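Participant: Build me a model:
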Amino acid sequence: MSKLNPFFSVVIPLHNKANFIEACVESVLQQDFKNFELIIVDDGSTDDSIEKINNFKDNRVVLEQQQNKGAAYARNRGVEIATSHWIAFLDADDFWKENHLSEFYKAVQLFPDEVVFSSKPSIIKEHNKTTTAQYSFELDSKMKPLSYFENSTKHSLLITSGMLIKKDFFKQIGGFNEAIYSGQDTDLFIRIGLQKKIVFNPKSTFTYYVSSENNISKTPRFKERLTFINAYQHQAEKNPALQKYLDLNRFSIVLRAKMHGDSTWKVAQQELNENSLSKKQLFLLKLPGGLLKVLKSIQQKLLQFGVEKSAF
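Facilitator: Numbers count the residues shown, from 1 in each chain. Predicted structure coming up:
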């Protein structure tokens, strides 16, 4: 491997993930594809995350430290430091299987003109139950370019920890929006989907946690999420697939905001087009927050017994 010319630059934003970061970094260093650099951007951690990083003695590991400015800033900073044309993101509480980068390398060789790649995740949910992503399209064994919005109505084609993107294209579309605290990944995915297809690998090459400590996705900032979703409405008027994608995100905001007692649900419900929803979703849309909480509790109980149900 040439230290000066890695094929991949791996970017990990880190903030107080001491209980996860060792397994995360080890999953990168144990890749069967070795030609990479690993850039860890510590975003003002106050636990012993840095101490655990310093225990790794590998010249591919680069540690950048900054004051707490948020995950979007940390990811963008990692891309600025990166010396490769290809950026693979990984969150500090997720981990890769050993073939993650080698599968991306194969994909890049097969589709040299494409700039965004992803693979199927394994998902660790509540009670440490592991499932695989379920999609709205039929899976086969072949990698192929897919339209983002049409194929992300059940589970997103893109997950940050399982995404590879060409550095020039990432910078061209503006990177992660640092003004968005929660939902910055969805905002980036929309901008990607408006311009490019995603080369999707149906093999499961990484694992991510739906719920972990200090997970900002659990932070209820519904008004902020609705605002950036609505920013793309003018483009959705001539793009039915984008319209449905935005409405499904509004639907999710309605349900979650109701359960949190946040009045943003009223605005979100007024703004979504109900023609985008299934009969089951329309039924859920009419339920009060208290009943939604009961159904959510039942869903979690079923998950403990290996039965997975969703609003889709």
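Participant: Dump the C-alpha coordinates for the lengthiest strand in the chain into CSV.
Facilitator: Criterion DSSP state E: the longest strand present in the chain is strand 198-209. Presented in CSV, the C-alpha positions along strand 198-209 are these (Å, rounded to 0.1, in the frame of the first residue of the first chain):
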residue,chain,number,x,y,z
ILE,A,198,-26.9,4.8,-6.7
VAL,A,199,-25.0,1.6,-7.5
PHE,A,200,-26.5,-0.8,-5.0
ASN,A,201,-24.8,-4.0,-3.8
PRO,A,202,-27.4,-6.5,-2.4
LYS,A,203,-24.7,-8.1,-0.3
SER,A,204,-24.8,-7.1,3.4
THR,A,205,-21.4,-5.6,4.2
PHE,A,206,-22.0,-3.4,7.2
THR,A,207,-24.0,-3.1,10.4
TYR,A,208,-25.6,-0.1,12.0
TYR,A,209,-27.4,0.6,15.2
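Participant: Okay, now the sheet partners of that strand, with direction.
Facilitator: strand 95-96 (antiparallel), strand 116-124 (parallel), strand 144-146 (antiparallel) (DSSP bridges).
Participant: can you put these in JSON lines and add mean pLDDT and distance to residue 164?
Facilitator: To be clear about C-beta, it is placed using only N, CA and C from the backbone, and glycine gets the same treatment. Converted to JSON lines, those look like this (pLDDT from 0 to 100; distance: least, C-beta to C-beta, whole Å):
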{"stretch": "strand 95-96", "mean pLDDT": "97", "distance to residue 164": "12"}
{"stretch": "strand 116-124", "mean pLDDT": "95", "distance to residue 164": "4"}
{"stretch": "strand 144-146", "mean pLDDT": "97", "distance to residue 164": "13"}
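Participant: among those, which is nearest residue 258?
Facilitator: strand 116-124 (24.1 Å; C-beta to C-beta).
Participant: Check the offset of the closest one from the chain's centre.
Facilitator: Distance of strand 116-124 from its chain centroid, counting by C-alpha atoms, centre = their mean, to the nearest Å, is 9 Å.
Participant: Show me what it is in contact with.
Facilitator: The contact list for strand 116-124, computed with C-beta atoms under 8 Å, 6 or more residues apart in numbering, reads 100, 103-104, 107-108, 111, 130-133, 139, 157-159, 161-166, 169, 192, 196-210.
Participant: hmm, back to that, on contacts alone, who are the packing partners of the helix or strand that comes right after the longest strand of the chain?
Facilitator: Per DSSP states H and E, the first helix or strand lying C-terminal to strand 198-209 is helix 222-230. Helix 222-230 sits against helix 184-193, helix 240-260, helix 264-271, with contacts defined as 3 or more C-beta pairs under 8 Å, 6 or more residues apart in numbering; DSSP states H and E.
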